[in-house]
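S.K.: Show me the folded form of this:
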Amino acid sequence: MFIYHICVECGDYRCELNLNFETTMTDVLGYRAKFGVLGPATNTIVQPEFDDMRPQGVTNHYSRIFVENANAISNESFMRGTQVISENTLDAVRHVMPCAPDYLVMGMSAVTFYGGAEGCAEWKKPVEDLSGLKISVGSESIAAALKTYGGVKKVAFMSPYYPVANEEVANFLSDYGFETVADKCLQCPSWRAIAEVTNETTRNVFLDIDSDEVDAIVQVGTNLSAVKLAAQMERELGKPVIAINTATYWHALRTCGINDKVEGFGRLLEEF
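M.R.: Got it, this is the predicted structure:
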């Protein structure tokens, strides 16, 4: 933000003797943090769910990663489609930077699982180098959430992905010491179709992959709405049930030193 100072010589704010001076004032709404949120152009779930979890003084500024509504009808087409999103991410970073965000949040999860922990670090580096900011991503946020709950060793997870991507998720979790004992991929036929998965379907999958062997249940795929349902299922099942959008936004808040307890989205935001 910039202001003009009245010139003491001529009284004109346009005088060349006065340059623009950067103010030390903070953003009226985002006075605690401004998040630059990066998400696919087809994603209709991240933006409203992140806004629902937003504490007072934190603002979300969504920058869309260009991608068509790809038809993902096989392992190969799914992976190709997600790589297009990955390749276009830096343009979205450039488009959000003019609002001077304090921190970045990735609203697309699949590519952040690819290649395990090392692959995630490699994916983040050009984003952080270009922006000069740190970023919270879904894969690392899930791992951090599971560790925060404590006592979690065996997990089950569901996704809207194809089997090849579920394998990447399981591999990533293993890098952090978590064993996948059950998983389910819905094989959604397009990016927009992910947002059409009903709560009833998601609930049934949660129940299907749960067992006495499972310490925690995880949902990945940011365009699948599950933040409220996961909180409800957590109470019913008596174990952590973590939606990826909840974990990612929690991770961003806590990394930025914002420790508000937000009700209605499960123990992660309510207790930790």
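S.K.: Tell me the helices and strands packed up against the helix or strand where T202 lies.
M.R.: Assigned by DSSP states H and E, T202 falls within helix 199-209. Using 3 or more Cβ pairs under 8 Å, 6 or more residues apart in numbering; DSSP states H and E, the elements in contact with helix 199-209 are strand 154-159, strand 179-185, strand 216-219, helix 227-237. For glycine as for every other residue, the C-beta is placed from the backbone atoms N, C-alpha and C.
S.K.: Dump these into a markdown table; add distance to F113 as well.
M.R.: Below are these laid out as a markdown table (distance: least, Cβ to Cβ, whole Å):
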| stretch | distance to F113 |
| --- | --- |
| strand 154-159 | 9 |
| strand 179-185 | 12 |
| strand 216-219 | 11 |
| helix 227-237 | 18 |
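S.K.: Where does pLDDT dip in the stretch 51-200 of the chain?
M.R.: The stretch 51-200 of the chain contains residues with pLDDT under 70 at 72.
S.K.: quick revisit: how about the helices and strands packed on helix 199-209, which one is nearest V58?
M.R.: For the helices and strands packed on helix 199-209, proximity to V58 was assessed by Cβ to Cβ; helix 227-237 is nearest, at 16.2 Å.
S.K.: gap between the closest one and the chain center?
M.R.: For helix 227-237, the separation from the chain centroid amounts to 19 Å (computed by Cα atoms, centre = their mean, to the nearest Å).
S.K.: care to break the protein down by domain?
M.R.: 1-28, 33-271 (automatic domain parsing).
S.K.: Span of the longest one from start to end?
M.R.: This means domain 33-271. One end of domain 33-271 to the other measures 21 Å (Cα to Cα, to the nearest Å).
S.K.: Looking at the helices and strands packed on helix 199-209, which one is packed in the most?
M.R.: Mean neighbour count (mean count of other Cβ atoms under 10 Å) peaks for strand 216-219 among the helices and strands packed on helix 199-209, with a mean of 26.
S.K.: by contact count, what packs against that one?
M.R.: helix 138-149, strand 154-159, helix 199-209, helix 227-237, strand 241-243.
S.K.: So in that sheet, which strands flank it, and in what orientation?
M.R.: With DSSP bridges as the test, strand 216-219 is paired with strand 154-159 (parallel), strand 241-243 (parallel).
S.K.: For the helices and strands packed on strand 216-219, give me a markdown table that also has distance to S77.
M.R.: Listed next are those as a markdown table, based on distance: least, Cβ to Cβ, whole Å:
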| stretch | distance to S77 |
| --- | --- |
| helix 138-149 | 21 |
| strand 154-159 | 16 |
| helix 199-209 | 22 |
| helix 227-237 | 28 |
| strand 241-243 | 26 |
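S.K.: Select, out of the helices and strands packed on helix 199-209, the one closest to E49.
M.R.: Taking these one by one with Cβ to Cβ, helix 227-237 is closest: 5.1 Å.
S.K.: right, and the helices and strands packed on strand 216-219 - which one's nearest E168?
M.R.: helix 138-149 (9.1 Å).
S.K.: for the chain, longest helix please?
M.R.: Ranked by number of residues, the top helix in the chain under DSSP state H is helix 116-131.
S.K.: Can you pull out the residues in contact with that helix?
M.R.: 36, 38, 86, 89-90, 93-94, 97, 104, 106, 111-115, 134-135, 137, 139-140, 168, 171-172, 174-176 (Cβ atoms under 8 Å, 6 or more residues apart in numbering).
S.K.: Paired strands for the next helix or strand after it, with orientation please.
M.R.: Counting by DSSP H and E, the next helix or strand C-terminal to helix 116-131 is strand 135-136. Here strand 135-136 is paired, per DSSP bridges, with strand 103-106 (parallel).
S.K.: tell me the contacts of the closest residue to A110 other than its chain neighbours?
M.R.: For A110, ignoring the flanking residues on the chain, the nearest one in space by Cβ to Cβ, 6 or more residues apart in numbering is T82 at 4.7 Å. By Cβ under 8 Å, 6+ apart, the contact list for T82 reads A110, V111, A165.
S.K.: Does Q187 belong to a helix, a strand or coil?
M.R.: Following DSSP: H, G, I helix; E, B strand; the rest coil, Q187 is assigned to coil.
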